[in-house]
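Asks: What shape does this take:
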Amino acid sequence: MSPVDPAARPLYRFAYVPGVHDRIEELSLLAEPEEWNYRHTPQEIPRPILYNYLHYTFARLEEQGKVSFSEDQQAAAFNTGLVTINQEPIYAYFDKHRQADVQPWFFQRFVRKGEGQLNRFKTLPELATFFDDPSHLVLDSRLEIRINIEHIAADNRERFPEPFRSMDAYVIQTVLKGALDNAIERVKRNYKAAIPQFYQGRVQLLLPLCLATSQRADLAVVIERFEGFYRASTCLTLDMAYNNARVLARPDRDWLQP
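Replies: Numbers count the residues shown, from 1 in each chain. All right, here's what the predicted structure looks like:
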């Protein structure tokens, strides 16, 4: 990517990243081991979870003004939020782009906290933050959960696995209602079963929908907190849910796994 594309992701407007998928591969090898591939969905690019994680993290850092620049304005860096196997933070490092009419920065490499390139910065780049109130990361079981079952069943039908995708509308709504009731009871017994995700500037919670068996989740229902209640009106495939949840943290492997 050379000329700046205003419709591109924020990272691509900020910097030219040559061979982006090779760079993602390098980051996956530098960071502590983690599964970055989809388990249930065909993937068009390698390590799509890490690719999306990096883009979402940069967008949030830029929004928060946490991208750092050297005093001479010839270098830039941001905190990826990832660490090496020895728990050393990893940063993305950029040089000023010399070519006119393109992105202002040129990606060089991912660097560990102790590497010399970061000596150019008086203070190291900060981590992205996604919430002010930690209580939003945990389901408040005292609040009502209002569920739009008809909308979930009708508008998200393509996300359902077979044979549920092909079921009559009334049948799938009945199955969905039972699965939602079970999910709510499960989270009341184990608060960790409600996994936080970050989407469009808000923290939401993901609950497991087990349609075929109680031993395996088939979908994730999204609930969003309002004043005095939660509202559920959409569901995600497990890969979509993991993508969103991983921006905040690596989810506990209770039911949502890559």
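
Asks: ok, residue 17 to residue 10 distance?
Replies: Taking Cβ to Cβ, to the nearest Å as the measure, residue 17 falls 12 Å from residue 10. The way it works is simple: take the backbone N, C-alpha and C, and place the C-beta from them, glycine included.

Asks: for this structure, what spans make up the helices?
Replies: Per DSSP state H, the chain carries helices over the ranges 10-14, 20-30, 48-63, 149-155, 169-189, 238-246.

Asks: Can you say which of those is packed in most?
Replies: The highest average neighbour count among the helices of the chain, using mean count of other Cβ atoms under 10 Å, belongs to helix 238-246 at a mean of 22.

Asks: okay, the angle between it and helix 48-63?
Replies: On the basis of axes from the mean of the first three to the mean of the last three Cα atoms, to 10 degrees, helix 238-246 is oriented at 40 degrees to helix 48-63.

Asks: Residue 80 - how many residues pack around it?
Replies: 24 (other Cβ atoms under 10 Å).

Asks: quick one: contacts for it?
Replies: Residue 80 makes contacts with 27, 31, 54, 57, 89-92, 110, as judged by Cβ atoms under 8 Å, 6 or more residues apart in numbering.

Asks: Now the two most distant members of those residues.
Replies: 54 and 89 (14.6 Å; Cβ to Cβ).

Asks: C-alpha coordinates for the helix or strand of the chain with the lowest mean pLDDT, CSV please?
Replies: When the helices and strands of the chain are scored by mean pLDDT, DSSP states H and E, helix 149-155 comes last with a mean of 89. Extracted in CSV, the C-alpha atoms of helix 149-155 (Å, rounded to 0.1, in the frame of the first residue of the first chain):
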residue,chain,number,x,y,z
ILE,A,149,-35.2,-13.6,20.3
GLU,A,150,-37.0,-12.9,17.0
HIS,A,151,-34.2,-10.6,15.8
ILE,A,152,-31.4,-13.0,16.8
ALA,A,153,-33.2,-15.9,15.1
ALA,A,154,-34.1,-14.0,11.9
ASP,A,155,-31.2,-11.6,11.3
